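> here are the coordinates; sequence isn't available:
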């Protein structure tokens, strides 16, 4: 039920995960811009555009699945 | 007449859209006033429906036309920039979702402006918000109509005005038929079509291009900077990239056409499911079309209009019948945004600007809503025949204007019990005036996009003018 959701905690969680995503997104161009090509694409691209969104999707799933059971 | 083998699947897709909207309209609620049934349809959305409807409403023509076009031109750096949009569904639903839902339920709100009126009890604030919303959405609708018709016309060979009539007619019919409920179900269908389209295009591209390595080697031969984060001539500077975290990231939390989805969600479980699914769908819907735009340069190195890269790839790489099916994806992206904008503009005119001052019977509400929606679609369609400069002007600024008008009044209104109408109005006026001044003066304070300082000033104005909450004002 919607009434059971702690809206402040949900908002903080969403903002917190966005901040983590921002940091992961930033790592690629900041530290791996000259990392060369890996499996057809630059290393920075794998980190920022493939790994970061995949981890974010996984983290949201784990976070909200845990809450549903909790 | 254009290429019939391309047109047939598109016709088929438009027919299926109409069928889905008809079925959705039949399942509409029968309780409540016409406005409540038509403009919101009750709190009926499950997690999957909500995720698809939210993401498709947010991703418009830019995901298939402008975005991949820019990626074609600026390379992988533009994909990096586009990926900022991935958390948008999670942010919108997570930050304002539960509070908006509860407020909408407690006051029977149908529109975002209803929520603002209930929260602030100020007709001036609602008037400013309503007029901004109408102006911004009219500009955006005309440009989306233009994009949809141009896509249909260029790719299938039908006359532009015929393509425009087909496009506007379909959107108008299903929006009139079933209101918000029909729009939500058709948006979900359009989301599925878009996912199928981007996946098929990307796989086809890799297959025919001999794999990722081969394609990137060809792109590197054209210009190695297309594979760098900053692109050719370091165009994508850090201030530019970071500004987009506000413009297409955090700043989108209060956008009325996406935030309203949170008011229609069924329950908390559906909301959480939509946050999970919405994030994954966003990642897919942003990454694949933009990356295809970059990789497409290996196939089409000399395109005069980069915006045509995805539709041209579809027609070039696939047989006509399959290309016709794939072309439904960008059309779906445009339709799913434009229907929500039309409905929001209509509900603002009928519910917020007329009905608030003059109570209407159920029959009058229905009549007025249909007349307003028809006039809006027809008027925007006419303007799309030859878009006036004013519309292009409006569209360029519309997205930012909506953010500076709605972000702080919605977020602070929901989370700060002391927020008053005075503060909200100050935030709207300060945000809009500073944003417009910097945008049209072509001034970039600290090399940032004008939206960043405008939102900062808007938030500051809210807090400073708000002052102390008057005694006795209800807490939300």
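Sure, I can see it. These numbers were taken from a predicted model, which means no experiment stands behind them.

> got the buried residues for the helix or strand hosting residue A:62?
Using DSSP states H and E, residue A:62 sits in helix A:52-69. Going by neighbour count (16 or more other Cβ atoms under 10 Å in any protein chain shown), the buried part of helix A:52-69 is A:52, A:53, A:56, A:57, A:59, A:60, A:61, A:63, A:64, A:67. All C-beta atoms are positioned from the backbone trio N, CA, C, and that covers glycine.

> And those, which is closest to residue B:445?
Distance to residue B:445 across the buried residues of helix A:52-69 (Cβ to Cβ) is lowest for residue A:52, with 28.8 Å.

> what's the weakest-modelled helix or strand in chain B?
The helix or strand of chain B with the poorest confidence is helix B:61; it has a mean of 69 (mean pLDDT, DSSP states H and E).

> Now do the contacts for residue 20.
No chain in the question, so chain A it is. A:56, A:59 (Cβ atoms under 8 Å, 6 or more residues apart in numbering or on different chains).

> my bad, chain B
Residue B:20 neighbours (Cβ under 8 Å, 6+ apart): B:174, B:182, B:185, B:186, B:189.

> What about chain B: which of the buried residues of helix A:52-69 touch it?
When the buried residues of helix A:52-69 are filtered against chain B using Cβ under 8 Å from any Cβ of the partner chain, the residues retained are A:52, A:53, A:56, A:57, A:60, A:61, A:64, A:67.

> Which per-residue confidence value corresponds to the second one?
Just to be clear, that refers to residue A:53. On pLDDT, residue A:53 comes in at 97.

> Not counting sequence-adjacent ones, nearest residue to it?
residue B:283 (3.9 Å; Cβ to Cβ, 6 or more residues apart in numbering or on different chains).

> Test my guess that residue A:2 contacts residue B:263.
No - using Cβ atoms under 8 Å, residue A:2 is not in contact with residue B:263, being 11.1 Å away.

> Give the intersection of the neighbour lists for those two.
Listed as contacting both residue A:2 and residue B:263 by Cβ under 8 Å, 6+ apart are residue B:101.

> Comparing those two, which shows the higher neighbour count?
residue B:263 (24 against 19; other Cβ atoms under 10 Å in any protein chain shown).

> contacting residues for the more buried one?
So residue B:263 contacts B:40, B:43, B:100, B:101, B:104, B:109, B:112, B:115 (Cβ under 8 Å, 6+ apart).

> and if you look at residue B:167?
B:145, B:148, B:149, B:152, B:331, B:334, B:335 are the contacts of residue B:167 under Cβ under 8 Å, 6+ apart.

> Any idea how many residues pack against the last one?
The reference is to residue B:335. Other residues near residue B:335 come to 30 when the count uses other Cβ under 10 Å.

> So it is in contact with residue B:149, correct?
No - between residue B:335 and residue B:149 there is no contact under Cβ under 8 Å: 11.6 Å.

> Go ahead and flag the most central residue of the chain.
Chain wasn't specified; assuming chain A. Closest to where the C-alpha atoms of chain A average out (Cα atoms, centre = their mean) is residue A:56, at 2.5 Å.

> could you do chain B instead?
Central residue of chain B (Cα atoms, centre = their mean): residue B:58, at 3.4 Å.

> hang on, the earlier thing: could you report the pLDDT at the residue nearest to the centre of chain A?
Looking at residue A:56, its pLDDT is 97.

> so which of the contacts of residue B:263 are also by chain A?
residue B:101.

> can you tell me how far residue B:185 sits from chain A?
Going from residue B:185 to chain A by Cβ to the nearest Cβ, to the nearest Å gives 22 Å.

> check which helix or strand covers that residue.
Going by DSSP H and E, residue B:185 is part of helix B:160-209.

> gap between that helix and the chain center?
13 Å (Cα atoms, centre = their mean, to the nearest Å).

> neighbouring contacts of the next helix or strand after that helix?
Using DSSP H and E, the helix or strand that follows helix B:160-209 in sequence is helix B:212-222. The contact list for helix B:212-222, computed with Cβ under 8 Å, 6+ apart, reads A:37, A:39-41, B:75, B:205-206, B:209, B:226-227, B:294-295, B:297-298, B:301.

> Any chance of the backbone angles for residue B:45?
Residue B:45 adopts backbone torsions of phi -80, psi 130, taken as degrees, to the nearest 10.

> Can you show me the helices along chain A?
A:7-31, A:43-45, A:52-69 (DSSP state H).

> and the angle for the longest one with helix A:52-69?
Okay, so that is helix A:7-31. 160 degrees (axes from the mean of the first three to the mean of the last three Cα atoms, to 10 degrees).

> tell me which residues in helix A:7-31 are buried?
Buried residues in helix A:7-31 (16+ other Cβ under 10 Å): A:7, A:10-11, A:13-15, A:17-18, A:21-22, A:24-26, A:28-29.

> So what pairs up with residue A:42 in the strands?
Beta-bridge partners of residue A:42, counted by DSSP bridges, are residue A:37.

> Does it touch residue A:35 like I think?
Yes - the pair residue A:42 and residue A:35 qualifies as a contact (Cβ under 8 Å) at a distance of 6.7 Å.

> Neighbour count: the two, which is higher?
For residue A:42 versus residue A:35, neighbours defined as other Cβ under 10 Å are more numerous around residue A:42 (24 against 14).
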